[in-house]
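Novice: with the sequence up front, the predicted model follows.
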Amino acid sequence: MSNQYLNTITENASRLGMRLQESFSEHTRDLTINRGASAAYLDVSDEKSKNIRKQLDSNSDKEKLDAMKRIIALISKGRNVSEYFAQVVKNVASQNLEIRKLVYIFLLRYAEQEPDLALLSINTFQKDLTDSNPLIRAMALRVLSGIKVPMIASIVVLAIKKCAADISPYVRKAAALAIPKCYELDSTQLPSLISIISTLLRDRSPLSIGSVAVAFEATCPTRLDLLHQQYRRFCKILVDVDEWGQVNLLNLLLRYTRTMLPRPVVNENGVEELDKDVKLLLDSIEPVFLGRNPAVVLAAARIFYYVAPPSQLEKIVQPLLRLLFSSRETERVVLAYILVISKSHPHLFAPYYSRLLLRADDLRPVKKDKIRLLLTILSPENYSAILRELIDYTDDIDDDISSEAIRGIGHCATTIPESIYQCLTALMDLIKSPYDPVVSSAVLVIKSLVQSQLHASANWNGSDSPVAIISQLARRIGDIKHAQARACVVWLVGQYAASDQTTRGPEGILEWAPDVLRKTAKTFSQESSAVKLQVATLAAKLLVLCPTDRALGLLTQYVLSLSRYDLNYDVRDRGRMLSSLLAGISPTFFMNGTEPEDRSGVILRREQVRLVLFDGKNTVVVDEPSLSDHLDSLLGTVSLITGRPAQIDSVLPDWLERGVESSLRDTEEDITPQPVLPFAIFGQKPTVEGKGSIPVVLTPSVPLRPDSANGSKRPWSNLDEFYGNEAEQGSEETDGTDEEEKGEGESDSGDEEIGDSENSSGDEGEIEGEDEIETRHGHDDEEIKEGLIGSIVESEPRPPSAKISISESDGEDSTDS
């Protein structure tokens, strides 16, 4: 029994699997066919290409559509298909919408290359401008403006003007984008194009505003007066504009603000004075910081940096830090922005230094920018953590990054005096590194520190004194291979070799200085030119310090002799100059057993030569890359990223002293409407000064159902109660009508009768008007309202001479004065 049950389950499961497989195949059949067909369009074999021309000339829309898809696929792969231009143009008037779209795409690509053939279809483009499909109208204008033939410029202007008034915002956007093309085609059409731009600037659709801003910048960027009436509206609709339109609009508003609005200032009391229009712009930009597009956030940050007062700059910190982790490309640009901002406001990003640390997978430019940024925001509160990071970065596999980090350690010692001991300790440890680039960079930094700061303090003692540091460098001169680093060590030895204490070496010279000269003299011929220059100078300095030592004299004579016959002319000139300079100190060292030469000119004494060689050298600094390279570039420019000036870089206008009048930006929407005062219906209509007569909506100042003086009518609380009184009031209908006809028949004495009725509080008129409302034409709502208004009119005070008659036909009041 159990086996039979198991077989049944297995059979049912297999049937279910087969059914699911068939159902899946049936539902995915179309998908498989479409994918195969799409892949077939990318087939660029010669056999497929030969059939394209035949398919374009066929009468079948299916064949034409297939051919156009193949052509567009070839364009996407970078193939030149301009040979099919004549056949494609023939299908520009096809009734098939898909074919026309593909033909327009093709024409947009090759209309500039084949302008003469494109002219054959101008009539079709003009006809398509009136098509019911806005996509066809927009594409027709795009192709028409893309034909680079100056003779059709007037036709293009008319087409743009027509599309600028189109009901579709997509078509108006296409019209705005066609304006720069037309201006490039024929600049004499500028007045007409400016008129069209003025019309498009008043467009209420956020979809087209961004394109209008592009057209404005490309056509008439100096006509900022056209934006006076639109400035506040642009600020209010900024949030609703599309992303790339926001970027263009923000750049335009930045130029307008800097040119037309007063600059935010801080008065004597420390209070910021901010114009209301500037505040409107800044308030409108704040929601944009939450956008997904990094370009929008960067454009908004650019406006805040160049427009907002310093107290509001904190609002751009978090949006910029958020973009650091979006993508590699965005990170590079954001770091450049933060570098410029932190140069003038380092306190903004100083608390967030932990989010700016290097990562192992960062690119080289990103790592360099991060190190420069950490040094820019360096402060007494965070220098210890940043210094530890810089020391760790010296082990980077990239020599440029490690050198940048070592220079950063030197910058930290210069900026934060409290960190000098830690920086020197780290640099001295780096000298022991087996990697030559690390040692060379450390030597250069130490030389800079000794030259710029350590010599200024007289209380340096122990291992951290300049003499102790230089002695360690001097002992490692053989391990330092980098030419510039060796030259720095030799210079430091010669500059600080003098000593007032008694040593085991020559008198007045530190004991390790002559040994450095001995080692470098042995390898003089193999040294670079920079090292040879410093070795020759070292020999001259040591001889000036101790002219009586024979060993120093011989070493100096040997080095200067090699210098005078060196291949480098700078080294030769240095050797001859030093020989002449030292002639007055020890002339016997330079005679080589011959009579002294007759030297013309002034011979300097030892004190004078020492003054020439030693004094005035403390301010010389080794040329190092600046930590603030390219930070003077403007935000939003290409030179900020590339480090080279570009022609497309925008220029930021300077602030005006006071700006233009704020009233120029006032519109009818900004003017608060005056309240309408109540007035009598039969009196004169009120007018607004400067505006003429305006229509006034009447609003009753009394309840819709006036109370009767004699209490014969009770007030209605709702319509159900009103309709419920229909049966009770039916008997009064005839009496009310007879009284009305009687009043009309006695027109001669009507004035007197009306006057009497007014003296008796007008109760009869009220009852008659109310009875007529209740009995007319099935109680229509509109007639009920008219009757109620009539009863209100009867309750209002009227002049004694007024005569009122209620017509049975139309229920309207007629008044005779």
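Specialist: It's in. Here the structure is a predicted model, which means the values were calculated and not measured.

Novice: next, the contact list for the residue most central in space within the chain, please.
Specialist: Nearest residue to the geometric centre of the chain (C-alpha atoms, centre = their mean): Ala299, 1.9 Å. Residues near Ala299 by C-beta atoms under 8 Å, 6 or more residues apart in numbering: 246-247, 250-251, 636. Just so you know, the C-beta spots here come from the backbone N, C-alpha and C atoms, and that holds for glycine as well.

Novice: what's the average pLDDT for the helix or strand harbouring it?
Specialist: Taking DSSP states H and E as the definition, Ala299 sits inside helix 294-307. When pLDDT is averaged over helix 294-307, the result is 93.

Novice: distance between whichever helix or strand comes after that helix and the chain's centre?
Specialist: Next in sequence after helix 294-307, counting helices and strands by DSSP H and E, comes helix 317-323. Centroid separation for helix 317-323 versus its chain: 13 Å, with C-alpha atoms, centre = their mean, to the nearest Å.

Novice: could you do stretch 339-351 as well?
Specialist: The answer for stretch 339-351 is 18 Å, by C-alpha atoms, centre = their mean.

Novice: flag every buried residue along it.
Specialist: Of all the residues in stretch 339-351, those buried under the rule 16 or more other C-beta atoms under 10 Å are 339-343, 345, 348-350.

Novice: output the contacts of Ala299 as JSON lines; include the columns distance to Ile209, neighbour count and secondary structure.
Specialist: Below are the contacts of Ala299 laid out as JSON lines (distance: C-beta to C-beta, whole Å; neighbours: other C-beta atoms under 10 Å; DSSP: H, G, I helix; E, B strand; the rest coil):
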{"residue": "Gln246", "distance to Ile209": "9", "neighbour count": "26", "secondary structure": "helix"}
{"residue": "Val247", "distance to Ile209": "12", "neighbour count": "24", "secondary structure": "helix"}
{"residue": "Leu250", "distance to Ile209": "11", "neighbour count": "27", "secondary structure": "helix"}
{"residue": "Asn251", "distance to Ile209": "13", "neighbour count": "18", "secondary structure": "helix"}
{"residue": "Gly636", "distance to Ile209": "20", "neighbour count": "23", "secondary structure": "coil"}
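
Novice: next, count neighbours for Ile194.
Specialist: Residues within reach of Ile194, counting by other C-beta atoms under 10 Å, total 17.

Novice: quick one: it and Leu249, what's the gap?
Specialist: For Ile194, the distance to Leu249 equals 19 Å [C-beta to C-beta, to the nearest Å].

Novice: now do Phe289
Specialist: For Phe289 relative to Leu249 (C-beta to C-beta), the value is 15 Å.

Novice: compare these two (neighbour count), which wins?
Specialist: When Phe289 and Leu249 are compared for neighbours, Leu249 comes out ahead with 25 against 17, by other C-beta under 10 Å.

Novice: wait, isn't Glu389 in contact with Leu356?
Specialist: No: checked against C-beta atoms under 8 Å, the pair Glu389 and Leu356 is beyond contact range at 9.7 Å.

Novice: residues shared between the contacts of those two?
Specialist: Common neighbours of Glu389 and Leu356, using C-beta under 8 Å, 6+ apart, are Leu374.

Novice: per-residue pLDDT, the closest residue to Leu190 other than its chain neighbours?
Specialist: Excluding the flanking residues, the one nearest Leu190 by C-beta to C-beta, 6 or more residues apart in numbering is Tyr183, at 6.5 Å. Per-residue pLDDT puts Tyr183 at 92.

Novice: the host helix or strand of Tyr183: what's the following helix or strand?
Specialist: Assessed by DSSP H and E, Tyr183 sits inside helix 169-185. Per DSSP H and E, the first helix or strand lying C-terminal to helix 169-185 is helix 190-201.

Novice: who's in contact with that following helix?
Specialist: Under C-beta under 8 Å, 6+ apart, the answer for helix 190-201 is 157, 160-161, 164-165, 172, 175-176, 179, 182-183, 208, 212, 215-216, 219-220, 223, 226-227, 230.

Novice: among those, which are located in helices?
Specialist: Of the contacts of helix 190-201, the ones assigned to helices by DSSP state H are 157, 160-161, 164, 172, 175-176, 179, 182-183, 208, 212, 215-216, 219.

Novice: identify, from those residues, the entry nearest to Asp615.
Specialist: Nearest to Asp615 out of the ones in helices among the contacts of helix 190-201 is Phe216 (C-beta to C-beta; 63.1 Å).

Novice: distance check, the closest one against Thr222.
Specialist: From Phe216 across to Thr222, the span is 10 Å (C-beta to C-beta).
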